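Novice: sequence and predicted structure, then a few things I'm wondering about:
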Amino acid sequence: MEKVLLKNIDNPNSADIGEYRKAGGYRSLAKALQMQPADIVEEVKKSGIRGRGGAGFPTAMKWNFAMADPKFPKYLICNADEGEPGTFKDRPILEKNPHLLIEGMVISGYALGAEYGYIYLRGEYPAAKDILEGAIEQAYKENFLGDDILGKGVRFRLSVHQGAGAYICGEETALIESIEGKKGQPRTKPPFPVNVGAWSMPTIVNNVETLSNIPYIIEIGGEAYSAIGSSDCPGPKLYCVSGFVENPGVYELPMGTSLRDIIYKHAGGIKDNGKLKAVIPGGISTPVLPADAIDCAMDFVAMPKAGSMLGSGAVIVMDESVCMVRVTYRAMKFFEHESCGKCTPCREGTDWLRKILERIEHGKGREGDINLLSDVAGVMSGRTFCPLGDGAAGVVTGMIKHFRSEFEEHIRDKQCKFRN
Amino acid sequence: MITLTINEKEITLDKPMSVLDAARKAGIKIPTLCHHEALKPYGGCRLCVVEVERMPKLQNSCTLMAADGMVVRTESEEISRTRRGILEFLLINHPLDCPYCDKAGECELQDLVNRYGPTTGRYTEEKRKVPESHKDHILARNMERCVVCTRCVRMCNDVQGASAISVIGRGNRSRVEPFSSESFNCEYCGNCLTVCPVGAILSRLYIHSFRPWQLDREVETVCPYCGVGCSLVVQVRDDSIKRVIPRMDLGVNRGLLCSRGRFGYEYIHSEDRLRTPLVRKDGTLQQATWSEALDIVAAKLTAVKNAEGGASIAGIASPRCTNEDNYVFQRFMRTACGTNNIDSVSRTGFAAAQKYFEDLLGQGITANLLDGLKNSETILVLGDDPAAVNPVLGLSIREAARRGAGVIVVGYAKGLDKFRTLQVIPRVFREAEVLEEVLTGVFSDRGVRGDMPYVDKGIRELSDRISGKKTGIEGIDETVKKLLQSASTSIVLGMDIVQRSDGHRALFAVAGLTYLLEARLYLLSGRPNEQGLIDAGCVPDMLPGGRPVNVPDFRGKFEAVWKAAVPDREGLTLLEIIEGAGKGNIKALYVMGDNPVRNIPHSSFVKEALRSLDFLVVQDIFLSETAEMADVVLPALGWTEKSGTYTNLERRIQLLRKAVETSSGMEDWRILSELSRRMGVPASYSGPEDVMRELARVSPLHRDLTYGEIAAGDALWPYHGEPLRGEMYEVPEMPDGAKDYNADFYLAVDKPLFHSGTLSRRSRALMKICPEATVRIGAAGAAKLGLKEGDKVRLSTPAGSCEAPVSVDGTIMDNRVFLSGNFTGSGVYDLMNFSIDKITKAPGTEGCEVKIEKIQGRG
Amino acid sequence: MFNDTVLKEIEGIKAKYPDRRSALLPSLYIAQREFGWLSREAMTCVARSLNLPEAVVRGTASFYSMYKHKPAGRHVIQLCTNISCMILGAGKLVDFLETRYGVPANGTSGDGRFSLVIMECIGACGTAPAMLVNTDFYDNLSEKRIEEILENYK
């Protein structure tokens, strides 16, 4: 498959506008500005692209909701708060291919009637901030951004808004709160951001990867795009593989590539010929899959059927040396640290779960702990304000479902016998 | 119309609301900790979950909007299990110290656990440890008990607008803290206390002193501090006020209070209360019996009246006394003493402005409901900081600002700094020229209205006089533009502008704007019954109900009821009375419930004048600076010790109820009634309601008004009365040319949030928050003198001098320094001269040059 | 109060948004740069320059983990210990930093040279373990490599 998102990134100067244009960059923008906004949306609709942030919501549908709202100004926000542990797919775009994202945003902004764009960039990517701001400056200079883009009278102004270390800001309403200078705590929905978003105006929040697909959709047309990968959620997809594989890294593959192929064909199989024990397929908020459950297509539709979720496509591979209790404990420590504190079940539940898991991992588990973990996760599940708490509960439930015996061993033996 | 079913009950809603509110409306209680009727839905605690048909999981009812055809269940096995689970979560870090916690008995968490369980907890890990903070004088903070419902923070941010506390940290490390982490340094409204569902924020005034179930009684009454007239519930045990709380469904304040109202009640139980009458013997005040004291007063007043005539007697009434007290006061002065020399310290502001506006625009022009303020599109704020003088009224302005209203401040209003949309800073003491320019700006666009020819004429003349001459002050044109665009405008007037020797100029401009813009006019009122005392007739020119005393027909009706003659000439105003005393024209002065020495400018002059009197009677609850000079001091009853009514600045009449028994004094009206009888003009009443019955009979304004109606909250202007139309006989001259105030510093009157008159000094809580007078000075002025926060300075003026610490206030941009009048020895009026505005008869306090010296080696 | 250059910088940031409060997060970064950490004084400066209540500024700042809420060492090491890094040995690197440099997790070394912040994911899972030193990024960490890297941070 032709690389779309990671095109040209081996070029050490790929972030420069000259190199980007040499490789055909900003042609889609020129093409798009010849089109009517509604036609652009139509192409996006035909492409069938779904949001790459994790929820897999059809992009064109989100756009249409925002366009149907009569209020102006509208805002386009790029969600570059890539915080789901295990995920590093957006980073190569941000650092190596920033103009692709900018081009995608300008086209989207034009289509949506949004004249102001913000890239909400996580604070943990300081290098990307400098690169993006440099690229934005270049784009302004060459009139791909500004008040009269390419002489077509189109305005789009773009700036980077740096986050400051809060996973929850990946949730779009929390992100909007944060861009408004508030704590990143999720808002009640409805109203949805497409109607009442940033500064109470219609706001479209799209992931880096999603927006970076837009120029290609314009280039080849929605229909051609829809032929790539899975039929019900097409397009190229970035999978990021980490953990015990020979060749960890980001792989651009057709949506729906099987988990087994990602691990064994593309990432070179298990490191040092080890034995696969478990995979977290879409970042740590997605339920773990045991070694025998990896023959599933990695897309938004198939993964739930396989007992997990595509999430951000962050594949964390664990071999037999890895302790599943420790992984669960570490994941819970993360959720506890990142819980925003707004709702009771997430705030208190993650704290309690972490404490129990910490005990078990450190050889102080007690009989009944596993049931207690399940009960606590059960109270959280479906009761939290946003998906963070649900994810935390799901991790525990999934781990106990597939690796109950490991928990039991820890409690029985009063120690952890694993190396990693 | 939305019709939904909750627990098999069909409910029809006429406006959109949440399922939780719909259930409450139908009397179905859904448990919650984070939801509060004064606050926006939050969705945090997750206790209000309900089952909704055709929805897959439990729904949060506080954030779910009711929809047509919805079928909701608020109780079920699964819902109970969920609530039990959530409550278990809330208890894992909770200290479970109910036996020790003040909140026990009225704790929402305790009640919910009692109802839904769990009975035992499965949590065996370490609990979060956060020591209770007592770093603040007033508020104790216990973050182990906190359930992070954030009601306090939302109240502080979204309603009070003080934004003094916030949630620090996130997740389970969340805790509520003020900026400093220690002292709150806030407005001390205590509204966080009202909304805290648990014992996380508590008042130190009553900590560990009682249990909610040990209270003897609760009494609904009205706040004794300012003209807003907030409703309060006084909670009493053993005839002692244990706590003052608001009620969400009560009064103009709907659950909100300010620091004075909430924490200022302690004065009533002060050790310093007067217990017995005092009579001056051999130069000192000595204890006397009631009959002895009353006999002396009656005899002496009768003697002065007989020897010098009634016009040599004067009375100062009280905006802290009830309508009933003030009504009987003026009846006593007019009939028994034979004088119309009746006024009050309200003449230094409110009464002067009120009279001016009514004369010009008609009776009732200032009677506007607070809700009108909230719903205004533009609010023009003049003269004082509403958030300090009338804090709860200030909240209405903040609310309007939050809704997008334009808030234009002419001068300074610190409490609105984060809410105003425009600030216009006039030249020092020359607010009138700004307002006149705004008025002519509006006039040149709109023209006159035509329904009040004399006002039209005045505006036209003014416009001619200043045509073309612009001050060039920034923001005036913008103000005119905003006012012209505004569909509903309110004007909020503080009394600082009135205290100018040409104060009537500003008042004319305000009246003109009110008239041209059809604006609602609100007069800030620092005392609880300023409007009431005017309406009760405690003014030199008007009988009760605002009927001119010099019109024989009006006078005759009162004389018939009172069975005594009323003098036909208008009496003297406050400052004329003081001057008259100084000159020897006034021989005897009767002061009820006020402290003129402290509350009138130029204290030494006032003292000198009072010293010249032959006879001074003071009727009060404390031995005030004025009472110390009296020949006879009569102990009165205070707030909560008697019943009666107040009229607030909206002109709403409200009922004060007796809450505690005391043996110290006598109701003001009863003292006057006793004296009246002794002086041969019987005026006896069975109680305050009886006084109101007479007022309702004799005053055309209060006609047919009953306590029942007042208690029901229905006593709104114009009651059943007949307001008089305005008829100003002449438009005041408006001199051109104004003085520049270029000296280094001028003294100005500060009106602090935490004090009011001299009562608040007897409240320990308010003294802890604000223990002494401070000199507020701008950053530039402070820099010029090398002063920093807390430095002690000596202020000197021709009238006097005092020492006080400095508070540097970056919002003051001119050469004024502000000092309050609340503290003995460092009161602003000790240092001020005054001149009288010949039209309003208010004191002009502008142009008081002050020398400021740093006191070395201290502070 | 901030000097005029900083105030101008903040004015520039405010201009990027329709509401002044949006400039809060960027302004906190600036305050941190100017003061080294978010002291009360630093937050008061931010509050004044944006006309926001101090408690709002502090509450918001405290929500975000990348602001320095206490004084930090000369160099701040932000080491990821989330799962991808953990399973590849990040935990041992935390111990190493403490024994070799005396810098405890979420603390500062006695000599004031380093502060160590335990991070959640920093997006380097493919080259784990990874860290940021100030704003410089390093991955594929081992004890030896950390020693080499930290030589450059005195």
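Specialist: Received, thanks. The structure displayed is predicted, hence computed values, not measured ones. Numbering: from 1, shown residues only, chains lettered A, B, ... in the order given.
Novice: got a list of what residue 414 touches?
Specialist: Went with chain A since none was named. With contact taken as C-beta atoms under 8 Å, 6 or more residues apart in numbering or on different chains, A:Lys414 is in contact with A:Gly363, A:Lys364, A:Gly365. (Glycine included, C-beta is placed from N, CA and C.)
Novice: not quite, I wanted chain B
Specialist: Counted by C-beta under 8 Å, 6+ apart, B:Lys414 has contacts B:Asp385, B:Ala387, B:Ala388, B:Asp809, B:Thr811.
Novice: phi, psi of the last one?
Specialist: B:Thr811 has phi and psi values of phi -90, psi -10 when expressed as degrees, to the nearest 10.
Novice: that one and B:Tyr412 touch, don't they?
Specialist: Yes. Proximity of B:Thr811 to B:Tyr412 meets the contact threshold set by C-beta atoms under 8 Å, at 6.5 Å.
Novice: neighbour count for the two, which is higher?
Specialist: B:Tyr412 (26 against 12; other C-beta atoms under 10 Å in any protein chain shown).
Novice: residues contacting B:Ile836?
Specialist: Here B:Ile836 is in contact with B:Ser501, B:Leu575, B:Glu576, B:Ala842, B:Pro843, B:Gly844 (C-beta under 8 Å, 6+ apart).
Novice: my guess is C:Leu116 is in a helix, correct?
Specialist: No. Going by DSSP: H, G, I helix; E, B strand; the rest coil, the assignment for C:Leu116 is strand, not a helix.
Novice: could you report the neighbour count for it?
Specialist: Neighbourhood size, C:Leu116 [other C-beta under 10 Å]: 25.
Novice: and the pLDDT for it?
Specialist: Looking at C:Leu116, its pLDDT is 96.
Novice: now it: how far from C:Val103?
Specialist: Plainly put, C:Leu116 is 5 Å away from C:Val103 if you go by C-beta to C-beta, to the nearest Å.
Novice: shared neighbours of these two, which are they?
Specialist: Joint contacts of C:Leu116 and C:Val103 (C-beta under 8 Å, 6+ apart) are C:Ile77, C:Leu97.
Novice: about what we covered before: which one in the contacts of B:Lys414 is the model shakiest on?
Specialist: Lowest pLDDT among those: B:Thr811, 90.
Novice: for it, give me its contacts.
Specialist: Residues in contact with B:Thr811 (C-beta under 8 Å, 6+ apart) are B:Tyr412, B:Lys414, B:Asp417, B:Gly778.
Novice: adding secondary structure, write the residues you listed out as a markdown table.
Specialist: Below are the contacts of B:Thr811 laid out as a markdown table (three-state DSSP):
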| residue | secondary structure |
| --- | --- |
| B:Tyr412 | coil |
| B:Lys414 | helix |
| B:Asp417 | coil |
| B:Gly778 | coil |
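Novice: can you lay out those residues as CSV showing pLDDT and distance to B:Gly362?
Specialist: Formatted as CSV, the contacts of B:Thr811 follow (pLDDT from 0 to 100; distance: C-beta to C-beta, whole Å):
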residue, pLDDT, distance to B:Gly362
B:Tyr412, 95, 31
B:Lys414, 95, 34
B:Asp417, 93, 35
B:Gly778, 95, 40
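Novice: tell me who's in contact with whichever residue of chain C sits closest to chain B.
Specialist: Closest contact between chain C and chain B, by C-beta to the nearest C-beta, is at C:Gly59 (2.6 Å). Applying C-beta under 8 Å, 6+ apart, one finds that C:Gly59 lies in contact with A:Lys183, B:Val153, B:Ser166, B:Val167, B:Ile168.
Novice: closest one to A:Glu348 out of the residues you listed, please.
Specialist: The nearest member of those to A:Glu348, counting by C-beta to C-beta, is B:Val167 at 15.0 Å.
Novice: contacts only, for the closest one.
Specialist: By C-beta under 8 Å, 6+ apart, the residues touching B:Val167 are A:Lys183, A:Gly341, B:Val148, B:Thr150, B:Val153, B:Ser174, B:Arg175, B:Val176, C:Gly59.
Novice: confirm that it sits in a strand.
Specialist: Yes. The assignment for B:Val167 (three-state DSSP) places it in a strand.
Novice: the residue in the stretch 601-750 of chain B that chain C sits nearest to - nearest residue in space that isn't next to it in sequence?
Specialist: Across the stretch 601-750 of chain B, the shortest distance to chain C (C-beta to the nearest C-beta) belongs to B:Asp750, at 22.2 Å. Once flanking residues are discounted, B:Asp750 sits nearest to B:Phe818: 3.7 Å by C-beta to C-beta, 6 or more residues apart in numbering or on different chains.
Novice: which residues are contacting the helix or strand that contains the one you found?
Specialist: Following DSSP states H and E, the helix or strand that holds B:Phe818 is strand B:816-820. Contact with strand B:816-820 is made by B:428, B:745-752, B:755, B:773-778, B:781, B:795, B:802, B:804, B:809, B:812, B:826-828, B:831, B:850, B:852, as judged by C-beta under 8 Å, 6+ apart.
Novice: if we use 6 Å, what do you get?
Specialist: Strand B:816-820 is contacted from outside by B:Phe745, B:Tyr746, B:Ala748, B:Asp750, B:Pro752, B:Ala773, B:Val775, B:Arg776, B:Ile777, B:Val828, using C-beta atoms under 6 Å, 6 or more residues apart in numbering or on different chains.
Novice: same deal with stretch C:8-26?
Specialist: For stretch C:8-26, contacts defined as C-beta under 6 Å, 6+ apart pick out A:Ser159, A:Ala164, A:Glu180, A:Gly181, A:Trp199, C:Ser27, C:Ser49, C:Leu50, C:Thr60.
Novice: next secondary structure after whichever strand or helix holds the last one?
Specialist: When elements are assigned from DSSP H and E, C:Thr60 belongs to helix C:54-63. Reading on from helix C:54-63 to the C-terminus, the next helix or strand found by DSSP H and E is strand C:75-80.
Novice: touching chain A at all, the next helix or strand after that next one?
Specialist: Next helix or strand after strand C:75-80 toward the C-terminus (DSSP H and E): helix C:83-86. Yes. Using C-beta under 6 Å from any C-beta of the partner chain, we find that helix C:83-86 touches chain A at C:Ile83, C:Ser84, C:Met86.
Novice: thinking again about what came up before, switch the contacts of C:Gly59 over to TSV; also include pLDDT.
Specialist: What follows is the contacts of C:Gly59, written out as TSV (pLDDT from 0 to 100):
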residue	pLDDT
A:Lys183	98
B:Val153	98
B:Ser166	98
B:Val167	98
B:Ile168	97
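Novice: spell out which parts of the stretch 151-300 of chain A neighbour chain B.
Specialist: The stretch 151-300 of chain A comes close to chain B at residues A:Thr188, as judged by C-beta under 6 Å from any C-beta.
Novice: show the model's pLDDT score for the residue nearest to the spatial centre of chain C.
Specialist: Nearest to the mean C-alpha position of chain C, counting by C-alpha atoms, centre = their mean, stands C:Met66 at 4.6 Å. At C:Met66, the model reports a pLDDT of 94.
Novice: again with the one 5 residues further on
Specialist: Per-residue confidence for C:Pro71 comes out at a pLDDT of 95.
Novice: go on, B:Ala738?
Specialist: B:Ala738 is assigned a pLDDT of 70 by the prediction.
Novice: residues near the closest residue in space to it that isn't next to it in sequence, how many?
Specialist: Spatial nearest neighbour of B:Ala738, excluding adjacent residues (C-beta to C-beta, 6+ apart): B:Arg430 at 5.4 Å. By other C-beta under 10 Å, the residues close to B:Arg430 number 20.
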